[in-house]
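Asks: After the sequence you'll find the predicted model.
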There are 2 protein chains.
Amino acid sequence: MSGQSDFHAAWSAPEAFRALGSRRVTVVGDGLLVETVRQEVAQATARFGGTIVGDTGGGAEGGADLILALNTQPDKPEPDAESFTVARQNGVTTLLADGAAGLLYGFFHLVRLGESAFGADHPAEHHGPAMRLRMLDHWDNVAVHDVMGQVERGYAGGSIFWADGALRSDLTRVRAYGRLLAAIGVNAISVNNVNVHAVEARLLTDRLDDVVALADCLRPYGIRVHLSVSFAAPVVLGGLPTADPLDPAVRAWWADTTQQVYARIPDFGGYVVKADSEGQPGPFAYGRSHADGANVLADAVAPHGGVVHWRAFVYNHHQDWRDRSTDRARAAHDHFAPLDGQFRDNAIVQVKNGPIDFQPREPVSPVLAAMPATRMAVEFQVTQEYTGQQRHICYLAPMWREVLDFRPWGDGGARIAEVAAGGGPDEPGGGLAAVSNVGDDHFWTGHPLAQANLYAFGRLAWDPTLDPAAILDEWIGLTFPRDASGVSDLLRDTLHSIMDDSWRDYERYSAPLGVGFMVRPSDHYGPGVDGYEYTQWGTYHFADRDGIGVDRSVATGTGYAAQYPEPWSQTYESVDQCPDELLLFFHHVRYDHVLHSGSTVIQHIYDTHFTGAEHVQRARSLWAALAKEDVIDAEVHARVSERLDEQVRSAEEWRDQINTYFYRKSGIPDALGREIYR
Amino acid sequence: MSGQSDFHAAWSAPEAFRALGSRRVTVVGDGLLVETVRQEVAQATARFGGTIVGDTGGGAEGGADLILALNTQPDKPEPDAESFTVARQNGVTTLLADGAAGLLYGFFHLVRLGESAFGADHPAEHHGPAMRLRMLDHWDNVAVHDVMGQVERGYAGGSIFWADGALRSDLTRVRAYGRLLAAIGVNAISVNNVNVHAVEARLLTDRLDDVVALADCLRPYGIRVHLSVSFAAPVVLGGLPTADPLDPAVRAWWADTTQQVYARIPDFGGYVVKADSEGQPGPFAYGRSHADGANVLADAVAPHGGVVHWRAFVYNHHQDWRDRSTDRARAAHDHFAPLDGQFRDNAIVQVKNGPIDFQPREPVSPVLAAMPATRMAVEFQVTQEYTGQQRHICYLAPMWREVLDFRPWGDGGARIAEVAAGGGPDEPGGGLAAVSNVGDDHFWTGHPLAQANLYAFGRLAWDPTLDPAAILDEWIGLTFPRDASGVSDLLRDTLHSIMDDSWRDYERYSAPLGVGFMVRPSDHYGPGVDGYEYTQWGTYHFADRDGIGVDRSVATGTGYAAQYPEPWSQTYESVDQCPDELLLFFHHVRYDHVLHSGSTVIQHIYDTHFTGAEHVQRARSLWAALAKEDVIDAEVHARVSERLDEQVRSAEEWRDQINTYFYRKSGIPDALGREIYR
C-alpha cells in the first residue's frame, strides 16, 4: 500500500520488509489481528519472492523459515496479551505470541530485525511492553477553529481524520496511520482535541457514527479509540440543568451515554478530559474536586473496561504579572496531590512531563511523584509547539529519556518510567501519552525528519530503556533503505550528526538555563524575549539589569522546590546544588553568577547561543553535501533543505535577539568579542 | 430622520435645530443642494413651530426672520463655491451663498449658532473653507478580510457601506452620514480601504453600480465619492501583461476605464492609491517613480475634473532590527522629496501627519515642507488605532491643531495648515484627509465621545484656526441638548474636564517622550514595551540599561533631523534644544538626562505614568457622578461608563508595565516612592 500511495511510507518503506518477505513463512491462528499479520506477510512475500506456506502449526513442516503463531494454549488465557517470544532453532525463526496483539507487535519486531532475525540460532527471548497504555492524543478539530485551525498546534497540514467539519470520506490514510502505529506499539488514540468545541462535543452522541468508523479502521491494528469529551456534556448535549458530578441525573446521563457508545464500539478506550483549564468547563463550577469529576466518568466506562484520562494541566490563566506570590509551576501539584487515593482504579491522572508547558527544558513535574495511590500517565508533546514547529530539526527522544530516567526519590528510588508503568499486573500505571505531530502533509509530519519523534515515542512507550541514538538508527533503517543494500553509511552518519544532539542545540539557541517561554506570544514560534513577561499566563523570567530567573525556593521564593521529595527538594532549593540547566527555573541570580560549568550566566548565554546557531549552520552544510550523492529521495532532500534554510535563519534570529536583549540589560560584553548587536 | 432611527443622532440632535426651526424662513434658489436645505428647513420648522414663507427673494417680504438664498448673480459664476455671507439687519438674518454647497454649509453654520443667529444686528460676515478638499478615507472592506475584518482598524462595528461582500441594501444610514458630514463641511469620501483586496478592486469596473449608488446617496450633501484603486488594476482587471505607467496600453486602459466611471458618476472625485507600500503593488515593479505612477492616474481623471490622492506612506517593511542605518522615519522624504515638481496639478501627495504611523506623539512629517511645487494633503487618523481604539477617551483635536500650527520654516513662515490649503485659487493645496472612525455601531463610533473627533476633524478642515475646546463646546451643544434649555452646565463642564486634555493624558500613560510604538503587536491596543523592538517594522526604542531613544541626529545618528528646514533641523539635531516631548524620537539619552522641565528622563517616565492613570481614574469618577443627575441619556451614560472602566484598567496596565520595564532596566527608583512593581 504505502509504496504506491500519495503519501510517504515513513518507517514502513517497502525495502524494510525485504528480509522477511523473501522467506517462506507460516502464519498460525485466527482472528482479526492475525488476519492483519497474514496480509502483511502476503504483501511482503509477494514483493520479495518469499511464500506463505501452510499454517500447519508449530514445526518446520512445509519447510518454513519463519513461523508466526498465536499461542492458543497459554498457561492462562490472555486474549489481550501484547507480549511474544522469539526463538531461532535449526535455522527456523519462531514467533509465539501470547495474544493476537502480540503477534502483530512480534511481526514488526522481526521487520525491525531484518536479516538478523534469520542469523544464528538463539534461545527464546520474551518481549512485552513496559507500559500497558501507549497513547497518542490528537488535538484535531472536526470543524476548523477560528484561531487554532483544523489541528491545534499542528504543523503538518490538516487532520487525517477530519476536514472542514466532517469525517473524511476516504480513510485510506487512517488505516496507513494505524499500520505505522502498530509498528511502534501504540495501542490507543484519542481522535479529537482536548479543547472540545461545539461540533466536537457531539462526537459522543449524534456524531458517534464518525467515531465508529475510525474505530473500525484502527481495530485491525490493535488500536483502541478514545474520545475527548466536554465536562459540560450533560448540559450541552443532555439538556440537564447541571453537570455536577455528584448529581444522580448527571451520573445516569454519563452511564447511559457511555452504554450507547459501547454498544457501537465494544473496545472503545474511554474518555480524555481537560477540565477547569484554560476556559474548559469542569467540576469547580459545582464546588467538586477533580477526583469527583474524573470518577463520574470512570464509573460510566468501568463496566465496559474503559479508562478515563484526566489531565492535570490546571492553572490560573488570568494571572496578574505584578503578583509574585502566585506560581503557575505549583498549580498542578497544589490541585492534585491532595487528591491522591480518591481516584477510581480506571481513572488515570495525565501529567505533562514538566510543570509548565512543554518547554525545551523543564524539571520533571513533581505531581508524578506525589500520587502513589493513583494511576499516573506522563504526557509528552511530539508535536513541536515550543521546539521549532517541525520547521526545526529537534529530535526529542533524548529529552524524553531524561524524563523517564528521572528518579524523584533519588538514587535507588523508582524512575518516572516505573511510575508510569505501574507496579505490575494488579497495579497498572497510566502509561505514556503524547500529542501527535501528524497531519495530512505528504510526509505526515511536515518536516520529514520529525517522523523520528513519533517513531521514538512509540518505541520508548514500549521500552523506556532504549537508547535514543539506537532508536534513531532503527528509524533510519526502516525509513531510508532504497534497495537491497539498505541505507547508505553516509546518510546514516549524516542523520546522526544532525539529529542526535538537535534537542540540545534547540535548547542552546532558545531560552537559556531552563527559564523558558521567551517565545513569540500565541504562535510560539521564534524568539520573543519579553513576549510573555507582562501577560496573564504566569510565564515570566523577571530579567532586570542585574540578573534573571524565577525564585522558586522555599527560603525566599514561591516554595515550588518543596513539591519534590528528598533529595530533589534540597537540590533545587540550593542555588549551589541546582543543576545548571535548571538554574533560572529555580533561582533568580546575577548575570555574573558562576555556574558549575565555570562560566558566568551571561557568558553561558552568549556561548550557547553562538554554538547553537553554528551547529544548525553545520547541519545545513552536512545535509547539502548529500545532494551530490545518490543516497536519498530528491523529494525528501528538498523538503529538509528548505526547512534547514528556515532553521538557520530562525536560529540566528534567536541568537541575536537573545544576545542583544541580555547585552542591553546587563551591559556585559562577550568575553570572546563576537558580534552582539547593540 | 435621525431622532426616530435606530442609530444615534450624533451632532444632529433634534433639539439643536430649535432656534432655526422656530423661525419663519425663506429659502431662495433651485437645485439638488438647495432642495436639501429646503427639506432641512421644512423638517425643523415642522418640529419647532416655525414656517416656511414664500421664497420671494432678497428682502423681508413675507415677514421672514431668516432668508437663505443662493446668490444667482455673483461677480463671477461660481456654481461650486462653498462660501457664504451672513448678515443680520432690521431683525432679519440673511444668508447669501456663493454656490449651492455654500447654502448647505451656511445652513449648518446657522444651526451651530442657534439663538445667537437671531440676536443683535451685525454687518455681513463672509465664511469659506480654508481647504478646498476636506476628505474622509474609509478603510472599509467589501468582503470581510481574514485578518482585518470588515473595517481595517475599525473600532465601531461593521461598515456602514458594505456587509459580507456586498453593498448594503438599506442606505438610510449612508444618507444620515452624508448629512452629518455636510454639517461639518466634509466634501469628499473614499469608500473603500487603501489596502485594495480582490473584491474591492472590482468596484472600479464590474462592481461600479455600488459606487454609483453611494454617489447618488451622498450627492445631495455636497459630497463627492472617491475610490481606492489597485495600481495593478490594468493587469488584475484589464488582463494586460503589465501595469507599467508609461506603457501606452496601460495609459489607455486607465483613460477608458475612468471614462466609464465618469459616464455613470459625473462628479466622481477621483482615486486614492497606496502604492509600493506594505505589499501593495506600485510603479517600482516597473522601474518607475511614484510621480510616474500618480501621473498616469491623474491624466485619466483630469479631463473630468478629478484628482488623485497618492499616499506617501512608503517604507521598507522588511527591515532588519540589527541594522541601525536604516530609519523608517526617513523613508517618505527619501522617496518623495526628490520628485517635487514632477506631479501633475491634479495629483495630490497625501502625507500622514508624522513620519512613522499615527503615534500619539510624532514630529510633523518633513515631507510636508519638502515639496513646494506639489499639492500636499495632510492625513490624520480619526480612527483611534494607536490612541485607545475608541475604548479610551482621546480627544485628538489638540494634536491636530499642533500639527496644523507647526511652522516648518520657523517663526514668520507658513504653517502646515497653509501648506495643505495651498496658495490661493490658482495654487490649490491638497487639503486634509482623515481615516474615518465610523461604523455600524449604534453610536457610530463605538465610544460615544469619539464622535467629537470626527466632528473636530471636519471643523478644522474648514477652519484650522478654531480652538479645540471651542470645537468641543460646539459638539456638546449640538449633541447633548435634551430640551429647550439646552445642555446642562454640569454635563458641559464634565465633558470638558474629561476630554479637553485627554490626548495628553493618553500620551502620559503610554510610550514616553515621543519614542512611540511600545504597543502590543498587530492589534496595537495596550502596552507591549518590547513588542516591536526586534521586528521587521522599523519601529524601535533601543532601550538598554543606560538609556533609551533613537539617535536621528546628523552628527551621530540616522540624519533624519536634516530632512527639516532651518530652524527645525538644528533644533531637532541638538539634544539641548530638542523639545522634551520629542526627545526620544530624536536622541538616545541616559535615564538621568535632565529635561527642560527639570526632571530626569526616568523620573519623567514615572511621573507622567502615575499622573496619566490618575487623570483617567478622575475622569471615571466625574462621569459616574453624572448618574445621579438627569443630564444625559442613560444609554450614552452606560456606554461611556463601561468604556471608562476599561480605560482605567488599561491605563493602569500601561502605567505599571512601562514603570516596571524602566525600573528593571535602569535600576533607578521613583523619587516619590510610589508603587512600581519589581
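Replies: That came through, no problem.

Asks: Counting neighbours, what do you get for A:Trp400?
Replies: 26 (other CB atoms under 10 Å in any protein chain shown). Every C-beta, even on glycine, is put in place using the N, C-alpha and C of the backbone.

Asks: For the helix or strand that it is a member of, name the packing helices and strands.
Replies: Here A:Trp400, judged by DSSP states H and E, is contained in helix A:397-405. Applying 3 or more CB pairs under 8 Å, 6 or more residues apart in numbering or on different chains; DSSP states H and E, we find helix A:397-405 packed against strand A:375-381, helix A:416-421, helix A:451-462, helix A:468-479, helix A:502-509.

Asks: CA atoms of that helix as CSV?
Replies: Written as CSV, here are the backbone C-alpha positions of helix A:397-405 (Å, rounded to 0.1, in the frame of the first residue of the first chain):
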residue,chain,number,x,y,z
ALA,A,397,13.9,11.3,22.4
PRO,A,398,16.9,12.4,24.5
MET,A,399,14.7,14.8,26.4
TRP,A,400,12.1,12.1,27.0
ARG,A,401,14.7,9.6,28.2
GLU,A,402,15.9,12.2,30.7
VAL,A,403,12.3,12.5,32.0
LEU,A,404,11.7,8.7,32.1
ASP,A,405,15.1,8.1,33.8
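
Asks: Run through who's touching stretch A:146-154.
Replies: For stretch A:146-154, contacts defined as CB atoms under 8 Å, 6 or more residues apart in numbering or on different chains pick out A:138-141, A:144-145, A:157-159, A:162-164, A:193, A:195, A:383, A:385, A:435, A:437, A:439, A:524.

Asks: same question but for stretch A:415-434, I mixed them up
Replies: By CB under 8 Å, 6+ apart, stretch A:415-434 touches A:130-137, A:309, A:348-350, A:364, A:368-369, A:375-382, A:403-408, A:457, A:460-461, A:464-465.

Asks: Are stretch A:520-538 and chain B in contact anywhere?
Replies: Yes. Stretch A:520-538 lies within reach of chain B by CB under 8 Å from any CB of the partner chain, at A:527-531, A:533-534.

Asks: which element is the closest residue to chain B within the stretch 301-450 of chain A on?
Replies: Residue nearest to chain B within the stretch 301-450 of chain A (CB to the nearest CB): A:Arg322, separated by 4.5 Å. Here A:Arg322 sits in a region with no helix or strand, counting by DSSP H and E.

Asks: Where do the helices of the stretch 151-300 of chain A begin and end?
Replies: A:172-184, A:198-201, A:208-218, A:233-236, A:248-264, A:290-301 (DSSP state H, counting those that start in this stretch).

Asks: tell me the most buried of the ones you listed?
Replies: Compared across these, helix A:290-301 shows the largest average neighbour count, a mean of 24 (mean count of other CB atoms under 10 Å in any protein chain shown).

Asks: Stretch A:260-274: how far from the chain's middle?
Replies: The chain centroid and the centroid of stretch A:260-274 are separated by 22 Å under CA atoms, centre = their mean, to the nearest Å.

Asks: how about the residues of the stretch 301-450 of chain A near chain B?
Replies: A:321-322, A:324.

Asks: Return the members of those classed as buried.
Replies: The neighbour-count test (16 or more other CB atoms under 10 Å in any protein chain shown) marks A:Trp321 as buried among these.

Asks: Check the secondary structure at A:Thr611 for me.
Replies: On the three-state scheme (DSSP: H, G, I helix; E, B strand; the rest coil), A:Thr611 is labelled helix.

Asks: List the residues that contact A:His604.
Replies: A:512-513, A:580, A:595, A:597.

Asks: so which of those are also by chain B?
Replies: Okay, of the contacts of A:His604, nothing touches chain B (CB under 8 Å from any CB).

Asks: just for the stretch 301-450 of chain A, where's the confidence low?
Replies: Scanning the stretch 301-450 of chain A for pLDDT under 70 picks out nothing.

Asks: could you dump the helices and strands packed on helix A:397-405 to CSV with mean neighbour count?
Replies: Formatted as CSV, the helices and strands packed on helix A:397-405 follow (neighbours: other CB atoms under 10 Å in any protein chain shown):
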stretch, mean neighbour count
strand A:375-381, 25
helix A:416-421, 24
helix A:451-462, 26
helix A:468-479, 20
helix A:502-509, 25
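
Asks: Next, format these as JSON lines and append distance to A:Ala120.
Replies: What follows is the helices and strands packed on helix A:397-405, written out as JSON lines (distance: least, CB to CB, whole Å):
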{"stretch": "strand A:375-381", "distance to A:Ala120": "37"}
{"stretch": "helix A:416-421", "distance to A:Ala120": "31"}
{"stretch": "helix A:451-462", "distance to A:Ala120": "25"}
{"stretch": "helix A:468-479", "distance to A:Ala120": "20"}
{"stretch": "helix A:502-509", "distance to A:Ala120": "36"}
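
Asks: one step back: list of residues touching the helix holding A:Trp400?
Replies: Contacts of helix A:397-405 (CB under 8 Å, 6+ apart): A:353, A:360-361, A:364, A:378, A:380, A:415-417, A:420, A:452-453, A:456-457, A:460, A:464, A:467-468, A:471-472, A:500-501, A:503-504.

Asks: How about stretch A:25-40?
Replies: For stretch A:25-40, using CB under 8 Å, 6+ apart, the contacting residues are A:17, A:41, A:45, A:50-58, A:62, A:64-70, A:72, A:97, A:100-101, A:103-104, A:107, A:182, A:219-222.

Asks: Can you narrow these down to the ones near chain B?
Replies: Okay, of those, nothing touches chain B (CB under 8 Å from any CB).

Asks: Out of those, which end up buried?
Replies: A:17, A:41, A:45, A:50-53, A:55, A:64-70, A:97, A:100-101, A:103-104, A:107, A:182, A:219-222.

Asks: among those, which are in helices?
Replies: A:41, A:45, A:100-101, A:103-104, A:107, A:182 (DSSP state H).

Asks: Closest one of the residues you listed to B:Pro338?
Replies: In terms of CB to CB, no member of those lies closer to B:Pro338 than A:Ala182, at 69.3 Å.

Asks: ok, now how distant is that closest one from chain B?
Replies: 40 Å (CB to the nearest CB, to the nearest Å).

Asks: Which residues are in contact with the nearest residue to that residue once chain neighbours are set aside?
Replies: Distances taken as CB to CB, 6 or more residues apart in numbering or on different chains put A:Tyr221 closest to A:Ala182, at 4.0 Å, once the chain neighbours are dropped. Counting by CB under 8 Å, 6+ apart, A:Tyr221 touches A:33, A:36, A:104, A:175, A:178-179, A:181-182.

Asks: What of A:Leu491?
Replies: A:476, A:480, A:626, A:629, A:631-632.

Asks: hey, what's A:His126 bridged with?
Replies: A:Thr85 (DSSP bridges).

Asks: if I look at it, how far off is chain B?
Replies: Taking CB to the nearest CB, one finds A:His126 at 56 Å from chain B.

Asks: can you list the domain ranges for chain A.
Replies: Under the assignment automatic domain parsing, the domains of chain A span A:2-127, A:134-317+A:334-479, A:506-549+A:588-666.

Asks: if you skip the residues just before and after it, what's nearest to the residue most central in space within chain A?
Replies: The centre of chain A sits closest to A:Ala434, judged by CA atoms, centre = their mean, with a distance of 3.0 Å. Spatially, and ignoring its direct neighbours in sequence, A:Ala434 is nearest to A:Phe380 (4.2 Å; CB to CB, 6+ apart).
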